[in-house]
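Participant: sequence and predicted model, in that order:
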Amino acid sequence: MLRARYTHRLPARLEDLAGPVQGTVDLPLHVVRSGRRSYDLGGLKSRISLYRTVLAEGQRQDLEAFLNRDLLITQWPILRTLISRFIRDAWENAFPEPAAAQGAAAA
């Protein structure tokens, strides 16, 4: 059931992930109900935290607005270890690019 929930939220294509690559991102309340809402894309920890939050809590339009295709692929080897198995499987089954980045990082 969880895998289906995350699969339903996926963008049609990775190219639809048109989020920013620099600056500060402020997430809306429907994504983050409490806690940290502002993230600096210049810092690796902040960026990873943003992506982890959006992957877990965001809807399709949030994924497309706040995630960037190239940053997602670049960060995937680290990010995939910090997200749930259901989210990881949904993304890796739908898109070969993140999984390929994982393989390249292991080589």
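Facilitator: Cool, got the structure.
Participant: mind checking the SS state of residue 25?
Facilitator: Here residue 25 is recorded as strand under DSSP: H, G, I helix; E, B strand; the rest coil.
Participant: so it sits against residue 19, correct?
Facilitator: Yes - counting by CB atoms under 8 Å, residue 25 touches residue 19, with 7.4 Å between them. C-beta coordinates here come from the backbone N, C-alpha and C atoms, glycine included.
Participant: can you list residues touching both of these two?
Facilitator: residue 66 (CB atoms under 8 Å, 6 or more residues apart in numbering).
Participant: list the contacts of residue 10.
Facilitator: 60, 63, 90, 91, 94, 95.
Participant: how near is the fourth one to residue 101?
Facilitator: Using CB to CB, to the nearest Å, residue 91 is found at 11 Å from residue 101.
Participant: between the contacts of residue 10, which is nearest residue 73?
Facilitator: residue 95 (8.8 Å; CB to CB).
Participant: run through the residues that contact that closest one.
Facilitator: 10, 14.
Participant: can you pull the buried residues of stretch 52-59?
Facilitator: 52, 53, 54, 55, 58 (16 or more other CB atoms under 10 Å).
Participant: cool, and stretch 23-33?
Facilitator: Within stretch 23-33, judged by 16+ other CB under 10 Å, the buried ones are 25, 27, 31, 32.
Participant: name the surrounding residues that touch that stretch.
Facilitator: With CB under 8 Å, 6+ apart, stretch 23-33 has contacts from 19, 37-41, 50, 53-54, 57-59, 62, 66.
Participant: quick one: which of these sit in strands?
Facilitator: Of those, the ones assigned to strands by DSSP state E are 38, 39, 40.
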